[in-house]
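Enquirer: Would you be able to build a 3D model of this:
(chains A and B)
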Amino acid sequence: MMIVAEKLTKKFGDFTAVDAIDLSIEKGKIVGLLGPNGAGKSTTISMISTLYKPTSGRLFFEGNDIIKSPKWIKPHLGYVPQELALYDSLSGYENLKYFGGLYGLSGTALKKRVDEVSRVIGIDERLKDRVSEYSGGMKRRINIGVALLHEPKLIIMDEPTVGIDPQSRNHILETVKSLGEQGITVIYTSHYMEEVEAICQDVWIMDHGKMIANGTQEALIEQAGIHTAIRMKFDSQIKDRLDPLRKLNHAMAVDLISDDELVVLVNGGGNTHKEVIKSVMELNYDLTSFDITRPNLEQVFLKLTGRGLRD
Amino acid sequence: MLLKLYKKDMAVLLSDKKGLFIFILMPIVLTTILSFALSGNFGEPGVMSPIEVAIVKSYDKEAESNAYLDMVSPYMGEGLASLKASLNTELDFEGLFFNTFLENEEVKAMISTEVMSEDEALQALEEKSVKAIIELPKGFIKDQLINYTLPNRNEMTIRIVRHPDYGYSGDIVESIINSYFETLNKQIVNKNTYLSVGSGYLDQATLMASLSEIMSSEAVSSSEKVTRTLVPGKRLIDSPTYYSIAMMGMFILYSAGYMGRELLREKRLLTLDRASVAGISYIKVLAGKFLMTITLCVIQMSLLILYAKFALGVEWLNPLKILVGIFFSAVAVSGVGVFVSALTLTSENYRVANIFENLLIHLFALFGGSYIPLDVLPKIFMTLKYFALNGIVIDLFLNTYQDADWRKLGLYYLSLVGISVFFSILTVLMIKRKEVFTYEGTH
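Expert: Numbering: from 1, shown residues only, chains lettered A, B, ... in the order given. The predicted structure is shown next:
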């Protein structure tokens, strides 16, 4: 395990921001930390980043206690804070060079890494411009690039796509995916569930400072008891032909909406919904259209907490 | 690592054009303005021009002489004719003042006078064509005759009206006039002694006849007692010299103010967090800024010194002493700057830095002598200046300008290093504490 937290707690005065959470993050995985504002995500990653000292609990990086000795994690950690942490009056190049220098890079090695990173984040052409002249998306990309310079083993990204254009957002998500493919561990916090769904292999869900669920997306959906719904429309009345449908493999329930329209709830993840549709076709029912609603993390969160992610 | 932090801070500083304008151009502009605007309060180097003075006569010589004669005639007998004659010779106080005293070459080198009516004199003062007015009061002749020839003594007040822009010129005129009348007073004492002792041996006519000899001996020599010289080895401080030093002392405090905002600015930018995650302590970040502030001050002071030399004609004698002075002043400013920075960071808002820039710097400027020379203010200011960093810097550079010896300058260097060390130690203690608090999240 790359990161292990045991009963990790952080209090600010009487307020408990993170409440005895257990967490384990495997090496080389992109892990999503999901939760609404105030859930404790930023405090958790601040503790992992050694910016906050936990009030209690234990925290390990590759087996080393980083509460006692933060030096174990610092050289291997790339940190992308929620807000832009850049010098606006300097160029993108100067920012990358400075922050790379803080990790001990210098000379040609530093220049090489700055070139590589600027290509990865896609702003190599405007690297010499002042950051203040960049668009919001470009600033975000530089903000991420800074964390990649020293080739960290673990990158923590705290809501890196807030307030940017779709193009930059896609670029950032692609960059994160590619980091995962290179074997770099990424902790990605967001309250945009579609981002987490798109890039994260494991998801940890927090609310009110507690870790309320974790696992793969499928496991979380399963755990929450949410099913894929297939809405089907037929050319003629269907209400007298429901029994064969109810007997289909993976079909958990069939609800009639109108004379010629119904919804089938499908259990199991993966492609089970395709099997159901194929079986309906094989029954030679006059199916004219269908619409699939797959369960998502938003629904999982709603089911687990009774409120939406952005409430 | 320190070099990397320093280079980044310099790059950020140099990208701040508005800040650079305040740091570098403002002191140059203000030095120029103040040098010319307040030049009247300073001596001019080289040959001194006489100070123009208007003299207003409020007395009537003839009427006062007659009144005096009427008063003494019952006691003079035959000597009255002789006394009358002496009113135009030995006892001619108007002639003594105007022809003998004011026409003396030494006095003429210092003041040039013109008799005017009161209105004319006031207008001339307003227009600065004269720098002071001497008003000779009603009774000027009669009172002097009485004081010189009779046992009783009348008080006489000479009024000197000074222009506020020419304080030092007014002082000089006052000193010259005081000197004249002090000499006369001395003779009055001689006269009184002569009269009280002589009256026992001489008849009244003989006594009065010999009086003129007694009093004519010293009056004309009074000008020799009023001279304007400098302490040997000292150079005259003119307004460009003073204000280039005074503005330098003040504006380096703005470097401390700039520095004072830096840590909190980085904290809010989150770049401090980023540095912290990279394993860079606050102290290292601060050390980089300390060096940046030294550089800023050195640039600021050097440019002002060069400007004063080439544009205002200030002659700095010893470049090495100037450079050493600049360095130690910059070190002290940086020490104060990091302290303000630590206070600002600890308080988590810019109030401390704002108070420093908007209030304290101006108080220091006043107490330290950046706005006006402290010798024209109450004496307490001369003591208070040592509590203002700019006061010490100004003193150091005034002494450097006078080419004071290394031992004397060394005391200033030590004071400046002491200030820097004192504030730096306080800063380190505060920052260490803050760093622990931040890490532990108890802030």
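Enquirer: What is the distance between stretch B:345-356 and the centre of its chain?
Expert: What separates the centre of stretch B:345-356 from the centre of its chain is 34 Å, taken as CA atoms, centre = their mean, to the nearest Å.
Enquirer: Now it: average pLDDT?
Expert: Mean per-residue pLDDT for stretch B:345-356: 88.
Enquirer: Please apply the same query to stretch A:175-193.
Expert: In this model, stretch A:175-193 has a mean pLDDT of 89.
Enquirer: before we move on, what about stretch A:249-257?
Expert: For stretch A:249-257, mean pLDDT rounds to 87.
Enquirer: Could you check the helix or strand hosting residue B:95 and say which residues are buried?
Expert: Per DSSP states H and E, residue B:95 falls inside helix B:93-95. Buried residues in helix B:93-95, counted by 16 or more other CB atoms under 10 Å in any protein chain shown: B:93-94. Using the backbone N, CA and C atoms, a C-beta is placed for each residue, glycine as well.
Enquirer: Centre of the chain to it, how far?
Expert: With CA atoms, centre = their mean, you get 36 Å for helix B:93-95.
Enquirer: what residue ranges in the stretch 151-300 of chain B score low on pLDDT?
Expert: Counting by pLDDT under 70, the stretch 151-300 of chain B has low-confidence residues at B:165, B:204-205, B:207-234.
Enquirer: One more pass at 80, please.
Expert: For the stretch 151-300 of chain B, the stretches with pLDDT under 80 are B:151-153, B:163-169, B:183-237.
Enquirer: near chain B, anything from the host helix or strand of residue A:98?
Expert: Using DSSP H and E, residue A:98 sits in helix A:92-102. Yes: counting by CB under 8 Å from any CB of the partner chain, contacts between helix A:92-102 and chain B involve A:94, A:98-99, A:101-102.
Enquirer: Got the domain ranges for chain A?
Expert: Domains of chain A are assigned by automatic domain parsing as A:3-222, A:227-294.
Enquirer: just those: most buried one?
Expert: domain A:3-222 (a mean of 19; mean count of other CB atoms under 10 Å in any protein chain shown).
Enquirer: Count the residues that sit near the residue lying closest to residue B:117 once chain neighbours are set aside.
Expert: In space, and not counting its chain neighbours, residue B:117 is closest to residue B:56: 6.9 Å by CB to CB, 6 or more residues apart in numbering or on different chains. By other CB atoms under 10 Å in any protein chain shown, the residues close to residue B:56 number 19.
Enquirer: Go through stretch B:251-261 and flag the buried ones.
Expert: Those would be B:251-261, for stretch B:251-261 by 16+ other CB under 10 Å.
Enquirer: Looking at the residues you listed, spot the one nearest residue B:382.
Expert: Among the buried residues of stretch B:251-261, residue B:253 lies closest to residue B:382 (CB to CB), at 19.8 Å.
Enquirer: Look at that closest one and give its secondary structure.
Expert: Secondary structure, DSSP: H, G, I helix; E, B strand; the rest coil: residue B:253 is helix.
Enquirer: residues in contact with it?
Expert: B:333, B:336, B:361, B:364-365, B:389-390 (CB atoms under 8 Å, 6 or more residues apart in numbering or on different chains).
Enquirer: What about the residues you listed, which one has the most neighbours?
Expert: Neighbour tally across the contacts of residue B:253 (other CB under 10 Å): the maximum, 32 neighbours, falls on residue B:333.
Enquirer: Figure out the helix or strand that that one lives in.
Expert: helix B:319-347.
Enquirer: Enumerate the positions of the lengthiest helix in chain B that are buried.
Expert: Counting by DSSP state H, the longest helix found in chain B is helix B:406-440. Within helix B:406-440, the residues scored as buried using 16+ other CB under 10 Å are B:409, B:412-413, B:415-416, B:419-420, B:423-424, B:427-428, B:430-431, B:434, B:438.
Enquirer: quick one: pLDDT of the residue positioned nearest the centre of chain B?
Expert: Nearest residue to the geometric centre of chain B (CA atoms, centre = their mean): residue B:373, 3.5 Å. Listed pLDDT for residue B:373 reads 80.
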